[in-house]
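Enquirer: give me a model of this one.
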Amino acid sequence: IGGHEASRMRLRRPKTSPSPVADAIASPPVPMSSPTPTGQDLASLRAEKGRLHQMLRSYERDFYREHNRQVSSFADIRPVASEYRRYKEIKRAIEAVRQESGGSDSDR
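Expert: Next comes the predicted model:
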């Protein structure tokens, strides 16, 4: 891709996406076992989200130590891509419950 084409492509990326990595791992939601998680399901989702968050941040720190740069492409996260996808899936499910309940329960 030439310089001009690359700059046009960068302009097309939606502003809602926080990083190229997020764009690379964006995937349609995987159906949950039930349409709306119960309180216990929600608690287990939050616990899993916390574990994944810790693991992914650890991966990013280790990557930085090894490569002297931040994670910036899908190739960088390929070893943990499924964990990134699961983390995003859980965040969507928790947000859906929060929206349904009209709750002020902030869990992002």
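
Enquirer: tell me where this protein has helices.
Expert: Assigned helices in the chain, in chain order: 3-12, 20-25, 39-67, 74-77, 81-100 (criterion: DSSP state H).

Enquirer: could the ones you listed be laid out in JSON lines, adding mean neighbour count?
Expert: From N, CA and C alone the C-beta is placed, and that goes for glycine too. Below are these laid out as JSON lines (neighbours: other CB atoms under 10 Å):
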{"stretch": "helix 3-12", "mean neighbour count": "9"}
{"stretch": "helix 20-25", "mean neighbour count": "16"}
{"stretch": "helix 39-67", "mean neighbour count": "13"}
{"stretch": "helix 74-77", "mean neighbour count": "16"}
{"stretch": "helix 81-100", "mean neighbour count": "16"}
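
Enquirer: let's have those helices in TSV, adding mean pLDDT.
Expert: Below are those laid out as TSV (pLDDT from 0 to 100):
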stretch	mean pLDDT
helix 3-12	43
helix 20-25	51
helix 39-67	95
helix 74-77	96
helix 81-100	94
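
Enquirer: correct me if wrong: residue 46 contacts residue 93.
Expert: No. Between residue 46 and residue 93 there is no contact under CB atoms under 8 Å: 10.1 Å.
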